[in-house]
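Novice: Give me coordinates for this.
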Amino acid sequence: MAAGAGDLRVEAFLEMLAAERGAALNTLEAYRRDLEAFAGFLAGRGKAPERAGSDDIRAFLGRLAQAGMAPRTAARRLSALRQFYRFLLSEGLRAEDPSAGVDSPRLGRPLPKILTEAEVGDLLAAAHRSAGFAPGGPDALRLAALVELLYASGLRISELVGLRLAAAQRDQRLLIVQGKGGKERMVPLSAAARQSLSAYLGVRDRFLQTRGKDRGGKGSKAVKLPSPWLFPSRSAGGHITRHRVAQLLKDLAREADIDPAKVSPHVLRHAFASHLLDHGADLRSLQKMLGHADISTTQIYTHVLSERLKSLVQESHPLAGGRKT
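Specialist: The predicted structure is shown next:
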């Protein structure tokens, strides 16, 4: 077999995911890392991934467990291997699927991290106090809009940073969001989120990239370059990055006297979902707003609610401490 044949097959697999399934760049990179980790393990056994057997996959999972990898992460790596070998099978590059007889690691059901309503209120209050920026300045208004949108809509961080300007210019009562697989959905916005968004739009041009009209001449003027993104920046992608938003949230948490480890864009998405359930939202509506393909994904929030109710009973019920005699 020619050197690099395995790499070419991985590339072909990733191209298929992008072209046929609309996999996002972050998803493709995760699959690439998982397959590279497996290839590195097999190299020590003198094998290439396309020649691996079921025993090799089980040994790989065993090595991950010994290294202390969480079962959910190991299961994700096994999922990547399953899809890779199904691809090789469908392309006639293998006669059998070695992952078919491999059991997935046993998973617990981790409950998502959440913030209380009071904590989210403190976070929003800190954002509107300008979070250390000059009151009313562009950075402060952008920060307030980012936080309000995350909590009011439950957007994934990739969806938030990838919002186009047109999505916020149609009807600000609703956001048109392009989710996983290119599927669009409509998300309603609260009055507070609409107000913060309008205030930010008034200063959005301050974040546009500039270019001088005449670099060598006197009196050259900087020209604002148009951008299709709602949150433009000087990043390679042309819009604010996920890392930058996460960093801003950590800074904001410190300003609000909240442990920064508790705050992230995904935690605000969880807060959106769990707080809606607390106030009577039904799972089907929540599923649509979160953009979940399967309602079983949304049902994790019922476990969050159950845990809260259990804690409430244990703390507040008169017999929770045991019957007095």
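Novice: which stretches of the protein form helices?
Specialist: 5-21, 25-43, 54-66, 71-90, 117-128, 138-153, 157-161, 191-201, 242-255, 265-278, 283-290, 295-298, 300-316 (DSSP state H).
Novice: same for the longest one, what does it pack against?
Specialist: Helices and strands touching helix 71-90, by 3 or more C-beta pairs under 8 Å, 6 or more residues apart in numbering; DSSP states H and E, are helix 5-21, helix 25-43, helix 54-66. No exception for glycine: its C-beta is placed from N, CA and C like everyone else's.
Novice: And for the second one, what's in contact with it?
Specialist: To tie it back to what came earlier, the one meant is helix 25-43. Helix 25-43 has contacts (C-beta atoms under 8 Å, 6 or more residues apart in numbering) with 6, 10, 13-14, 17-18, 23, 48-49, 52, 56-57, 59-60, 63, 76-77, 80-81, 83-84, 158.
Novice: Of those residues, select the buried ones using a PyMOL command.
Specialist: Buried subset of the contacts of helix 25-43, written as a PyMOL selection, criterion 16 or more other C-beta atoms under 10 Å:
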select buried, resi 6+10+13+14+17+23+48+49+52+56+57+60+76+77+80+81+83+84+158
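Novice: shaky segments in the chain?
Specialist: Low-confidence segments of the chain, defined by pLDDT under 70: 1-6, 107-112, 130-136, 170-171, 212-220, 302-325.
Novice: between the helices and strands packed on helix 71-90, which one is nearest to residue 189?
Specialist: Shortest distance between residue 189 and those, using C-beta to C-beta, is found for helix 25-43: 25.2 Å.
Novice: orientation of that closest one relative to helix 54-66 in degrees?
Specialist: 110 degrees (axes from the mean of the first three to the mean of the last three C-alpha atoms, to 10 degrees).
Novice: Quick check: end-to-end length of stretch 155-174?
Specialist: The straight-line separation of the ends of stretch 155-174 (C-alpha to C-alpha, to the nearest Å) is 13 Å.
Novice: So which residues make contact with that stretch?
Specialist: Counting contacts by C-beta under 8 Å, 6+ apart, the residues outside stretch 155-174 that touch it are 24, 26, 146, 149-150, 175-179, 186-189, 194, 197-198, 201, 204, 227-231, 239-242, 245-246, 265-266, 269, 291.
Novice: Okay, residue 55 and residue 101: tell me how far apart.
Specialist: Counting by C-beta to C-beta, to the nearest Å, the gap from residue 55 to residue 101 is 10 Å.
Novice: That should have said residue 43, apologies.
Specialist: In this structure, residue 43 and residue 101 are 23 Å apart, going by C-beta to C-beta.
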